[in-house]
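1. This is a predicted model, with the sequence first.
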Amino acid sequence: AANLTRVGEKANYSYLVRWIHNPRQRTRPYCPYEKKDIGPEDYAKKGLPYVFDETHSRCPNDGHELQIQNMTVMPILRLSEDDARDIATYLISQKKKDPASYADASFMDDPKLKEQGRTWVRHFGCAGCHEISGFEDEGRIGTELTAEGSKPIERLDFALLTHPAEVGGGEPIKDQDNLARLPEGPAKGPWYDHKGFFEHKLAEPNIYDQGKVKAETEKLRMPNAHLTKEQVQALTTFLLGSQETSLPESYQYKPQDWRHDIQEGWWVVKKYNCMGCHQFLPGQPSTLMQIPRYQDPDWKEQLPPQLLTEGARVDPEWLLRFLHNPALSETDTNRNGVRPYLKVRMPTFNFSASELRKLVRFFQAAQQQPMPYIRQQLAELTPKETEMARSLFSSAAAPCLKCHATGDVAHDQHATAPNFLMAKDRLKPGWTERWIIDPQSISPGTSMPSGLFHKLGEQWVFSGPTPPSFQGYEQDHTKLLVRYIFALTPEEQRRVSGMMKSAPAAKTSSTKPARPAGATAGAGR
């Protein structure tokens, strides 16, 4: 994304407010057929109101489909208009220079410069990356690189450096900054090969103009991206591998099973920079984790959830709905739908239907989950089982509602875990049981304690005190609690919350199993 440290010198306030509030909003729709923006006058000619949205997306002039949104990967943060104004006000202050100190630019008002500007915009191929009115049909100015590694060496233009490259012994790059970008430092031997050509071109793009007398419009136009040594090496490797191949299709890595879903999913994850906030791989730091504020232990629980086990954790149908609308509400959009207590907000990315499908299948494939997913049907609780599970859920040894959100505004101000009422639609029962047995093994460092249950023979039993009704109960206490959580209703949750508020502090009987070392009273994510 763009560097914003000097955006106040560039953008105006009203533009920033509109962009921050909804970066996909267009002030005018664009017609790809006419290659122009469509304005109120076009609609007025047809006697139509100037309205363009998903249900009014046809061009009034020719009936073609309009582009009604900006095609940007910047998400909608679902900010209020006041929040957008506050952020824009801050960004406007980001300046390095006093505008009054700028050099005189009155020449910009000279109408004769317009055509000169068009000439240079076309010459440098600006429309290859940017959307510029009047340049919609301009092609790219760069060389086709799809099979650059297969190009015969004679077709790589070393220009006047051909002989130095063949014999070696000298370094044609004069600029020390550019010289430092060569992966192997100054070339001591010959470099007349594809590797040498690419490395020198990437380190100093205009190097093959050296010794030539050229008109301004004939000079090499590739810009200097100031790549690091590692980036030059990586791009050179990529270009060397960009070759036409005579190998049959069967020799190429084009998996059609779950590995294909992982390949496609990674493209979407990287396109939208999901790893900026979330962990996808063990040990992978997100950008957010490295911000000074999140080094404070009190802010550790404010980090977005790790997605290492997302495919095993959540129901894919629920995940599809969540990615489409992270607020999980069509009206109350200024919030996090799952974790309202987080200070950072999961934005709306406007994924396409194809991208949504790829992301869901990616998470499922990464955890080797079956597709299609068939939801597990849990046995209904008997009245006795309900009472037993309620005693576990409200136990002073593991007060689940102490940390989990309940919908109560006063309570949720201090919540650090999602509302249990979403569990039956959101989570998978098998993963939920594994989580309550040993959450630290799934998410090291989580505030949800391990050791709440222990193995007694072949049965998982609660490590805290249990009422007499548990005598003779031979099923896993973990499965009982999962069934209860997945059957939890708002009324039941309010009942348990009221019980916990009114109950005196419980005393643990010395005859009951002691809590394992390291277990705490808090319940986590």
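-> Perfect, thanks for sending it.
2. Apart from its chain neighbours, what residue comes closest to the residue nearest the centre of the chain?
-> Nearest residue to the geometric centre of the chain (Cα atoms, centre = their mean): residue 274, 1.7 Å. In this structure, residue 274 finds its nearest non-sequential neighbour in residue 280, 7.3 Å apart by Cβ to Cβ, 6 or more residues apart in numbering. C-beta here means a position set from N, CA and C on the backbone, and glycine is covered the same way.
3. Counting neighbours, what do you get for the nearest residue to residue 175 once chain neighbours are set aside?
-> Nearest residue to residue 175 in three dimensions, chain neighbours excluded: residue 204, at 6.5 Å (Cβ to Cβ, 6+ apart). Residues contacting residue 204 under the criterion other Cβ atoms under 10 Å number 21.
4. How confident was the prediction at residue 204?
-> On pLDDT, residue 204 comes in at 94.
5. and it, backbone torsions?
-> Main-chain dihedrals, residue 204, degrees, to the nearest 10: phi -140, psi 90.
6. Correct me if wrong: it contacts residue 178.
-> Yes - between residue 204 and residue 178 there is a contact at 4.0 Å, judged by Cβ atoms under 8 Å.
7. separation between residue 474 and residue 291?
-> Distance, residue 474 to residue 291, using Cβ to Cβ, to the nearest Å: 50 Å.
8. Look at the two and report which has more neighbours.
-> Using other Cβ under 10 Å as the criterion, residue 474 and residue 291 rank with residue 291 on top: 12 against 7.
9. Okay, residue 483 and residue 424: tell me how far apart.
-> Distance, residue 483 to residue 424, using Cβ to Cβ: 10 Å.
10. between the two, which one's more packed in?
-> residue 483 (20 against 17).
11. May I have the residues that are in contact with the more buried one?
-> 378, 379, 381, 385, 389, 429 (Cβ atoms under 8 Å, 6 or more residues apart in numbering).
12. What about those, which one has the most neighbours?
-> Most crowded among the contacts of residue 483, counting by other Cβ under 10 Å, is residue 389 at 21 neighbours.
13. any idea which helix or strand comes after the helix or strand bottoming out on mean pLDDT in the chain?
-> Using mean pLDDT, DSSP states H and E, the weakest-scoring helix or strand in the chain turns out to be helix 176-179, at a mean of 81. Heading C-terminal from helix 176-179, the first helix or strand you meet, by DSSP states H and E, is helix 194-203.
14. mind saving the C-alpha coords of that next one as CSV?
-> Below are the C-alpha coordinates for helix 194-203, written out as CSV (Å, rounded to 0.1, in the frame of the first residue of the first chain):
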residue,chain,number,x,y,z
HIS,A,194,21.1,-14.7,-18.9
LYS,A,195,21.9,-14.4,-15.2
GLY,A,196,24.4,-11.6,-15.7
PHE,A,197,22.1,-9.7,-18.0
PHE,A,198,19.2,-9.9,-15.6
GLU,A,199,21.2,-9.0,-12.5
HIS,A,200,22.8,-6.0,-14.1
LYS,A,201,19.5,-4.8,-15.6
LEU,A,202,17.7,-5.1,-12.3
ALA,A,203,20.4,-3.4,-10.3
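15. Could you shift the numbering so residue one becomes 383, and keep it that way?
-> Understood, numbering begins at 383; the last thing we discussed is helix 576-585.
16. which residues touch that helix?
-> Residues outside helix 576-585 that contact it (Cβ under 8 Å, 6+ apart): 531, 533, 535, 538, 540, 543, 547, 554-555, 560-561, 563-565, 569, 572-573, 589-590, 604, 609, 613-615, 617-618, 621-622.
17. ok, back up a step: list the residues that contact the residue nearest to residue 557.
-> Here residue 586 is in contact with 555, 557, 560, 563, 606 (Cβ under 8 Å, 6+ apart).
18. distance of it from residue 554?
-> 9 Å.
19. Next: residue 451.
-> The gap separating residue 451 from residue 554 is 48 Å, by Cβ to Cβ.
20. Help me confirm that the residue nearest to the centre of the chain comes into contact with residue 668.
-> No - with contacts defined as Cβ under 8 Å, residue 656 does not count as touching residue 668, sitting 9.1 Å away.
21. what's the pLDDT at the residue nearest to the centre of the chain?
-> 96.
22. can you check residue 571 too?
-> With respect to pLDDT, residue 571 has a value of 80.
23. any idea how far residue 557 is from the closest residue to it other than its chain neighbours?
-> Using Cβ to Cβ, 6+ apart and skipping the chain neighbours, the partner closest in space to residue 571 is residue 550 (4.1 Å). Distance, residue 550 to residue 557, using Cβ to Cβ: 20 Å.
24. Residue 536 too?
-> Noted for residue 536: a distance of 28 Å to residue 557, by Cβ to Cβ.
25. Same question for residue 409, what's its three-state structure.
-> At residue 409, secondary structure determined by DSSP: H, G, I helix; E, B strand; the rest coil is strand.
26. wait, what's in contact with it?
-> Neighbouring residues of residue 409 by Cβ under 8 Å, 6+ apart: residue 400.
27. Which pLDDT value goes with it?
-> 91.
28. Okay, it and residue 396: tell me how far apart.
-> Residue 409 is 11 Å from residue 396, where distance means Cβ to Cβ.
29. again, but for residue 616
-> Distance of residue 616 to residue 396, computed by Cβ to Cβ: 41 Å.
30. so who does residue 388 touch?
-> Taking Cβ under 8 Å, 6+ apart, one finds 476, 477, 478 in contact with residue 388.
31. I figured the last one hits residue 389, correct?
-> No - shown here, residue 478 and residue 389 do not form a contact pair, counting by Cβ under 8 Å, at 10.7 Å.
32. who has more neighbours, those two?
-> residue 389 (16 against 8).
33. quick one: that one and residue 472 touch, right?
-> No - Residue 389 is beyond contact range of residue 472, at 10.1 Å (criterion: Cβ under 8 Å).
34. picking that back up, name the residue in residue 616 and residue 396 with the higher neighbour count.
-> The residue with more neighbours, out of residue 616 and residue 396, is residue 616; 14 against 10, by other Cβ under 10 Å.
35. what angle sits between the helix or strand harbouring that one and helix 576-585?
-> Secondary structure from DSSP H and E places residue 616 in helix 611-623. Taking axes from the mean of the first three to the mean of the last three Cα atoms, to 10 degrees, one finds helix 611-623 and helix 576-585 inclined to each other by 130 degrees.
36. which residues sit against whichever helix or strand comes after helix 611-623?
-> Moving toward the C-terminus from helix 611-623, the next helix or strand (DSSP H and E) is helix 640-653. Under the criterion Cβ under 8 Å, 6+ apart, residues 455, 636-637, 657, 662, 733, 737, 740-741, 743-748, 750 lie in contact with helix 640-653.
37. hmm, which of the residues you listed are the buried ones?
-> Taking 16 or more other Cβ atoms under 10 Å as the criterion, what is buried in the contacts of helix 640-653 is 657, 662, 733, 737, 740, 741, 743, 744, 745, 746, 747, 748.
38. For residue 543, give me its contacts.
-> Per Cβ under 8 Å, 6+ apart, neighbours of residue 543: 554, 582, 589, 590, 592, 593.
39. Next one: the second one relative to residue 603, how far apart?
-> Relative to residue 603, residue 582 is positioned 17 Å away (criterion: Cβ to Cβ).
40. One more: the fifth one?
-> Separation of residue 592 from residue 603 (Cβ to Cβ) stands at 16 Å.
41. And for the last one?
-> Applying Cβ to Cβ, the value for residue 593 to residue 603 is 18 Å.
42. what's in contact with the helix or strand encompassing residue 792?
-> Assigned by DSSP H and E, residue 792 belongs to helix 791-794. Helix 791-794 has contacts (Cβ under 8 Å, 6+ apart) with 722, 723, 783, 787, 788, 879.
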